[in-house]
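could you look at this predicted model? Sequence included:
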Amino acid sequence: MPELPEVETVRRGLEPVLAGARLVRVEARRPDLRFPFPEGFVQRLTGARIERLERRAKYLLAPLDRGDTLVMHLGMTGRFEIERESQATHPGEYLYASAPDPKHAHVVFETEAGAAVTFYDPRRFGFMDLIGTEGLERHPWFAGMGPEPLGPDFNTGLLARAFAGRKQGPKTLLLDQRIVAGLGNIYVSEALHRAHISPLKAAGGVKAARLPELVGAIRDVLAEAIEAGGSSISDYAAADGALGYFQHRFRVYDREGQPCPTLGCEGSIERAVQAGRSTFFCRVCQK
């Protein structure tokens, strides 16, 4: 499933086309994705103006001038195609290099400026909904969600409180959306390796002096992945249709048996399963 950097990459790709755009035509080619579309989905969107395009955790949010927010989730294989009559591109503007399979084109948004944005999802694990903007933070999808890992509220104090006395591993807690929003399996593994913290030890045993390094590692690995265009795991593609390349920079993820990349470390990357998810780490330099 796309993680925070992939979703942010898509947001940045769609923003020049959708932020401030008025939707003159909306087409839903089926009644549902993972969940049914809300009642009046097409009618409520047609003629509305998207005020801006935001991201919360792994959700794309498009507040409308009618008081609703269009909430979009990519699921496992959701992706967007942007089409314009003109082939000219500018910084921040994205165009698909090749057309995905039309049979998986489920939703089309056409803007007053002449752009068409199509949502494709072969497995239909993605979803869309319209939620009243004023009540968005209280909606079950967002209520109780922790701070963004790239925002100012994610800091060593927060991790110290979350880890204190806990027997679960730090990876398990960092994946808890109530503690921090949007972190996923891949980038938590990468950040823990950079911070030289074992995913297997009890989080309560991580010394406070090591938390600033962990916070910095999380911020750095996410920022680098966003800059690189996301990891492009499996079916995922960026909003311009080109695959990202951060997977080539992975230090540990999916590198079982390979030498540890930490300078001077003689260990190798191992794989363990935690809560049904693969964890990649080095037993020698991650303590």
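Arrived safely. Just so it is clear, the structure is predicted and the values come from calculations on it, not from any experiment.

so Leu222 is in contact with Pro149, correct?
Yes: at 6.1 Å, Leu222 and Pro149 qualify as touching, with contact defined as Cβ atoms under 8 Å. All C-beta atoms are positioned from the backbone trio N, CA, C, and that covers glycine.

what touches both of those two?
Leu4 (Cβ atoms under 8 Å, 6 or more residues apart in numbering).

who touches Arg123 in this structure?
So Arg123 contacts 75-77 (Cβ under 8 Å, 6+ apart).

looking at this structure, which helix or strand is least sure?
In the chain, no helix or strand scores lower on mean pLDDT, DSSP states H and E than strand 79-83, which sits at a mean of 87.

give me the sheet partners of it and which way each runs.
Using DSSP bridges, the strands paired with strand 79-83 are strand 116-120 (antiparallel).

run the chain-centre distance for the partner strand.
Remark: strand 116-120 is offset 18 Å from the chain centroid, using Cα atoms, centre = their mean, to the nearest Å.

returning to what we had before: out of the contacts of Arg123, which are buried?
75-77 (16 or more other Cβ atoms under 10 Å).

next step: the residues you listed restricted to strands.
Using DSSP state E, the subset of these located in strands is empty.

how is the protein divided into domains?
4-138, 156-282 (automatic domain parsing).

and the end-to-end length of the first one?
With Cα to Cα, to the nearest Å as the measure, domain 4-138 spans 21 Å from end to end.

show me where the stretch 151-287 of the chain has its helices.
156-163, 170-174, 185-194, 211-228 (DSSP state H, counting those that start in this stretch).

so can I have a markdown table of these showing distance to Ile82, mean pLDDT and mean neighbour count?
Output for the helices of the stretch 151-287 of the chain, formatted as a markdown table (distance: least, Cβ to Cβ, whole Å; pLDDT from 0 to 100; neighbours: other Cβ atoms under 10 Å):
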| stretch | distance to Ile82 | mean pLDDT | mean neighbour count |
| --- | --- | --- | --- |
| helix 156-163 | 37 | 98 | 16 |
| helix 170-174 | 33 | 96 | 23 |
| helix 185-194 | 26 | 96 | 25 |
| helix 211-228 | 19 | 94 | 18 |
